[in-house]
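Enquirer: Below: sequence and its predicted model.
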Amino acid sequence: MTTSHTPPSTASRIEDAALLTGAGRFMDDLDPLPGTLVATVVRSPHAHARIRAVHLDRARSHPGVAAVIGPEEVLATLRPFPLSVQAPTPYYPTATDKTRFVGEPVAVVVATDRYLAEDAAELVEIDYEPLPVVVRTEQALEDDSPRLHDGADSNVATDRTFSFGDVDGAFAAAPHTVTGSYSFPRYSSTPMECYSVVADWQDRADGPEVTAWSNFHGPFSMAPVVAGALGIPTSSLRLIVPGDIGGSFGIKSAVYPYIALMALASKHAGRPVRWTEDRLEHLLASSSGSDRLMTFEAAVDDDGVIDALRVDLIDNVGAYLRPPEPSTLYRCFGNITGAYRIDKVGIRARAVVTNKAPTGLNRGFGGQQLYFGLERLMDDVAVHRGLDPAEVRRRNMVTAEQFPYATPSGGIYDSGDYHRALELALENVEYDRLRKEQAVARENGELMGIGMATIVDPSATNIGYVGLATPVQDRTAKRGKSGSTEHVRVSVDMQGVVSVLLGSVPQGQGHATVARDIVARHLGLPVEQVRPRVEMDTASTPWTISSGSYSSRFAPLLTSALLAAADGIAATIKIAAGVLLEADPDTLELADGQVRVVDDHSRSVAFRHAAGLVHWDPGSLPAGVPARLYEEAAFSPPQSKAASRTDQINSSLCYGFVAEVVVVRIDRETLRLSIENVSSVHDAGTILNKTLLEGQVHGALAQALGGALFEELTYSDAGQPTAGTFMDYLCPTSAEACFPLVSDHLETPSPLTRLGAKGCGEGSSMSLPVAIANAVADALAPEGISITSLPLHGNVLHRLLTTTKGT
């Protein structure tokens with residue numbers, strides 16, 4: 001594909017004014033239907049309990065209550081949500097036979113206001129029989145562990161093995177083997193606005209129709225999942241998403257069970273129903289990234305070059321394998337070897353169910369888990385071979401001459417210059433000087449560490465990777481899943497004003513700003529003449545099942561679709577201008593709000609006049625030219641194919657790169673960990689807007705900081721959440737996120753997208769946690785301490801240091 005590379009925009013965000021002046025329109029600001037009732041959810045206090053009986057009569061008779069539904073109503077109308085894999089773990093929006101995590105919905109009370117609904121909720125009586133609990137991943141793997149789902153043989157919901165190349169032979173021949181076992185924590189994204197849904201069930205002559213407003217951002221593959229649970233065609237389910245959704249970073253992809261649940265509540269109440277989650281509910285039972293146990297094993301030669309890799313991944317997905325899980329295991333399948341030339345790899349991927357809340361998407365999902373293990377292993381290899389961590393990476397990284405580079409698991413890295421990016425990150429932090437400074441610090445007994453991470457940043461996910469969870473022999477021929485498709489609509493009115501309809505469901509990234517700039521440039525217009533509209537209404541917005549704001553799709557996919565639509569508009573405008581100028585359309589160009597002859601700029605006509613001709617005088621158009629200034633376009637790259645019969649897949653369209661270096665210092669007395677410097681270099685292909693790119697980098701760094709040093713959704717052995725408020729679930733504030741940062745960029749344009757752009761929204765959320773861990777490991781190396789898990793707050797450091805000292 002031919003890419004066009006224009007200088008990056010520095011346009012300011014057009015989204016900011018409304019947000020900064022309180023004029024944003026979030027879900028809780030909307031009142032789309034008159035007579036809407038309000039719901040509250042009754043949740044289980046038990047991590048694991050059989051439901052003996054549910055008594056709803058007292059709640060139903062409470063003043064102001066319109067409906068109360070429980071397991072009986074759910075089973076009578078709803079079907080289990082269709083799962084991503086065949087597993088005997090049926091999932092409904094409420095518990096039906098047993099409750100399997102604290103906070104699982106059991107009943108819904110609908111009333112005229114929230115106060116009455118919550119008062120009536122206290123009258124719901126549920127008879128529970130507490131059952132043994134399993135929380136830890138290791139425990140869930142044991143044969144005699146408490147079984148969550150009675151129809152299952154074990155708590156292992158999915159278990160697959162893969163082998164590419166002669167892995168066993170490479171390990172047998174290798175002079176060195178380096179093994180590391182690591183664990184990654186469960187943490188969330190704590191968006192400003194929690195889950196919110198307004199649902200309306202209408203019985204029509206030809207069957208039920210459900211309309212739901214929610215702050216769901218995709219993937220819209222969940223639309224047929226919700227419709228399947230409701231027992232209606234997807235065309236009978238209308239999903240509407242406001243332009244402002246109050247943040248998400250993946251977490252709100254899991255609001256969809258509540259869409260089905262509130263639709264059922266609306267059916268029983270006979271009126272629309274609103275439900276808005278509070279913060280306690282959100283931390284208790286919404287969603288999070290999965291916690292993972294993993295073992296990485298490398299076959300290494302004398303020079304520190306890795307010939308083969310073995311990976312064992314075990315994700316704790318909570319009580320259910322809730323779609324789109326087990327996506328976290330497979331989203332990075334094509335880039336499982338990271339930035340390194342490793343052509344032989346063995347993989348075992350498992351997901352276990354436990355009495356924790358179900359997991360889902362979280363910024364960088366799958367990537368932060370993968371790279372924590374892989375990049376810790378690279379540092380372990382460096383220690384084993386007596387090499388500098390940077391040198392080990394230099395010896396193993398894919399070289400610039402090797403692109404496009406095929407990984408053994410099926411990924412096709414489109415472009416990059418990994419060595420150059422690493423060297424830039426090292427130069428920006430004066431790496432050689434830092435190592436000398438560290439040597440002096442160690443002589444003085446100080447704990448100073450330098451860590452790094454070099455990661456491949458996948459974007460424009462190919463949804464076909466989920467197929468890998470199903471063995472080849474169980475996949476139906478010619479029924480594969482694949483794709484990274486994105487749709488857009490562009491139109492021009494009779495005054496020449498261009499409207500751009502985006503169904504990208506942004507979470508604050510600035511999609512409208514970039515879309516306006518791209519279309520204006522392509523049509524030669526001032527940006528004021530282009531009006532982007534960001535909204536999703538599945539009844540009117542162009543969309544497909546892969547639509548949504550996730551996996552850094554906008555820059556590579558939607559911008560390519562935008563240009564395709566703008567091409568169609570430009571062609572029609574040139575034809576109309578050709579009529580006015582009596583010129584061949586092929587000799588015309590669009591620039592400065594005009595359509596002009598390329599070789600004679602004095603012969604020109606205003607863009608708006610050409611547009612006006614199409615609308616007001618279509619009879620003057622050449623025969624066969626439609627009077628249409630309305631283009632829908634889809635960008636569907638052919639490189640995104642279904643998983644092969646050899647279990648290989650190009651799991652993303654584009655692969656960017658991040659190199660990060662972190663300097664930390666730990667106070668021996670207070671154990672306060674200070675980040676003294678961060679050098680971050682990103683290669684996201686063509687930069688579309690420098691300001692927005694930096695915003696993505698800074699946001700990802702702040703979120704990664706939380707996962708590295710503060711945030712963890714912890715549980716007691718009885719399955720009770722122990723981080724249910726912001727007193728215990730610690731998020732970084734502006735004070736903690738303020739550290740010295742040098743942010744730099746390379747541009748190696750992708751040959752696969754129209755502008756050469758790749759995604760950039762997730763990179764540092766995947767790289768910084770392990771870079772910090774490597775820095776802390778480096779600081780504590782003289783103490784004989786290795787880092788195998790996160791987060792690394794003061795309590796953890798205290799335990800590590802005192803355990804090592806035997807106190």
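Expert: Yes, it's here.
Enquirer: which residues sit against stretch 379-390?
Expert: The set of residues external to stretch 379-390 that reach it, using C-beta atoms under 8 Å, 6 or more residues apart in numbering, is 176, 178, 180, 298, 300, 302-304, 306, 378, 391-392, 422, 426, 431, 435, 451-452, 774, 777-778, 781, 786. For every residue, glycine as well, the C-beta is placed using N, CA and C.
Enquirer: Just the buried residues from those, in ChimeraX please.
Expert: Buried members of those, defined by 16 or more other C-beta atoms under 10 Å, are picked up in ChimeraX with:
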select :178,180,298,300,304,306,378,392,422,426,431,451,452,774,777,778,781,786
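Enquirer: Now intersect the contacts of stretch 379-390 with the helices, please.
Expert: When the contacts of stretch 379-390 are checked against helices using DSSP state H, the ones located there are 378, 391, 392, 422, 426, 431, 435, 774, 777, 778.
Enquirer: give the contact list for the fifth one.
Expert: Contact partners of residue 426, counting by C-beta under 8 Å, 6+ apart, are 390, 661, 679.
Enquirer: Tell me the pLDDT of residue 11.
Expert: Each residue has a pLDDT score; the one for residue 11 is 68.
Enquirer: before we move on, the earlier item: could the ones in helices among the contacts of stretch 379-390 be laid out in a markdown table, adding pLDDT and distance to residue 118?
Expert: Listed next are the ones in helices among the contacts of stretch 379-390 as a markdown table, based on pLDDT from 0 to 100; distance: C-beta to C-beta, whole Å:
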| residue | pLDDT | distance to residue 118 |
| --- | --- | --- |
| 378 | 98 | 52 |
| 391 | 98 | 61 |
| 392 | 98 | 57 |
| 422 | 98 | 55 |
| 426 | 98 | 56 |
| 431 | 98 | 57 |
| 435 | 98 | 59 |
| 774 | 98 | 47 |
| 777 | 98 | 48 |
| 778 | 98 | 51 |
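Enquirer: CSV for the residues you listed, including distance to residue 760?
Expert: What follows is those, written out as CSV (distance: C-beta to C-beta, whole Å):
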residue, distance to residue 760
378, 23
391, 28
392, 26
422, 18
426, 21
431, 24
435, 30
774, 23
777, 28
778, 28
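Enquirer: Could you list the alpha-carbon positions for the longest helix along the chain in PDB?
Expert: With secondary structure taken from DSSP H, the chain has its longest helix at helix 559-581. Output of helix 559-581 as PDB, limited to C-alpha atoms (Å, rounded to 0.1, in the frame of the first residue of the first chain):
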ATOM      1  CA  THR A 559      -7.800   7.200   9.300                       C
ATOM      2  CA  SER A 560      -7.300   4.900   6.300                       C
ATOM      3  CA  ALA A 561     -11.100   4.600   6.000                       C
ATOM      4  CA  LEU A 562     -11.400   8.400   6.300                       C
ATOM      5  CA  LEU A 563      -9.000   8.900   3.300                       C
ATOM      6  CA  ALA A 564     -10.900   6.300   1.300                       C
ATOM      7  CA  ALA A 565     -14.200   8.200   1.900                       C
ATOM      8  CA  ALA A 566     -12.500  11.500   1.200                       C
ATOM      9  CA  ASP A 567     -11.200  10.200  -2.100                       C
ATOM     10  CA  GLY A 568     -14.700   9.500  -3.200                       C
ATOM     11  CA  ILE A 569     -15.800  13.000  -2.200                       C
ATOM     12  CA  ALA A 570     -12.800  14.600  -3.900                       C
ATOM     13  CA  ALA A 571     -13.600  12.800  -7.200                       C
ATOM     14  CA  THR A 572     -17.100  14.000  -7.300                       C
ATOM     15  CA  ILE A 573     -16.100  17.600  -6.400                       C
ATOM     16  CA  LYS A 574     -13.500  17.600  -9.200                       C
ATOM     17  CA  ILE A 575     -16.100  16.400 -11.700                       C
ATOM     18  CA  ALA A 576     -18.500  19.200 -10.600                       C
ATOM     19  CA  ALA A 577     -15.700  21.800 -10.700                       C
ATOM     20  CA  GLY A 578     -14.800  20.500 -14.100                       C
ATOM     21  CA  VAL A 579     -18.300  21.400 -15.300                       C
ATOM     22  CA  LEU A 580     -17.900  24.900 -14.000                       C
ATOM     23  CA  LEU A 581     -14.400  25.400 -15.300                       C
END
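Enquirer: For residue 693, which three-state class applies?
Expert: Classification of residue 693 using DSSP: H, G, I helix; E, B strand; the rest coil returns helix.
Enquirer: quick one, what contacts it?
Expert: Neighbouring residues of residue 693 by C-beta under 8 Å, 6+ apart: 8, 682, 684, 687, 745, 760.
Enquirer: Look at the residue nearest to the third one when sequence neighbours are not counted and say how many residues are nearby.
Expert: Setting aside the residues directly before and after it, residue 684 is nearest to residue 760 in space (C-beta to C-beta, 6 or more residues apart in numbering), at 3.7 Å. By other C-beta atoms under 10 Å, 30 other residues sit near residue 760.
Enquirer: Check residue 645 too.
Expert: Counted with other C-beta under 10 Å, the neighbours of residue 645 add up to 10.
Enquirer: quick one: secondary structure of it?
Expert: Following three-state DSSP, residue 645 is assigned to coil.
Enquirer: I'd guessed it sits against residue 472; true?
Expert: Yes. Residue 645 is in contact with residue 472 according to C-beta atoms under 8 Å; the separation is 5.6 Å.
Enquirer: Name the residues that touch stretch 345-352?
Expert: Applying C-beta under 8 Å, 6+ apart, the external contacts of stretch 345-352 come out as 137, 140-141, 155-165, 167-168, 290, 308-317, 321, 325-326, 329-330, 333, 336-337, 408-409, 469.
Enquirer: Show me the helices in the stretch 401-550 of the chain, by range?
Expert: With helices called from DSSP state H, counting those that start in this stretch, the stretch 401-550 of the chain shows them at 418-428, 431-443, 511-523.
Enquirer: just the stretch 701-807 of the chain next, same as before
Expert: Taking DSSP H, counting those that start in this stretch to define them, one finds helices in the stretch 701-807 of the chain at 763-780, 794-805.
Enquirer: Where among those is average confidence lowest?
Expert: Taking the average pLDDT of each of the helices of the stretch 701-807 of the chain, the minimum falls on helix 794-805, with a mean of 86.
Enquirer: So which bits of it are buried?
Expert: So, applying 16+ other C-beta under 10 Å, buried residues of helix 794-805: 796, 797, 800, 801.
Enquirer: With just CA atoms, put it into CSV.
Expert: Extracted in CSV, the C-alpha atoms of helix 794-805 (Å, rounded to 0.1, in the frame of the first residue of the first chain):
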residue,chain,number,x,y,z
GLY,A,794,6.8,0.1,50.5
ASN,A,795,5.2,-2.9,52.2
VAL,A,796,6.6,-5.2,49.4
LEU,A,797,10.0,-3.7,49.6
HIS,A,798,10.0,-4.1,53.4
ARG,A,799,9.1,-7.7,53.1
LEU,A,800,11.7,-8.4,50.5
LEU,A,801,14.5,-6.7,52.4
THR,A,802,13.6,-8.2,55.8
THR,A,803,13.1,-11.7,54.4
THR,A,804,16.5,-11.6,52.7
LYS,A,805,18.1,-10.4,56.0
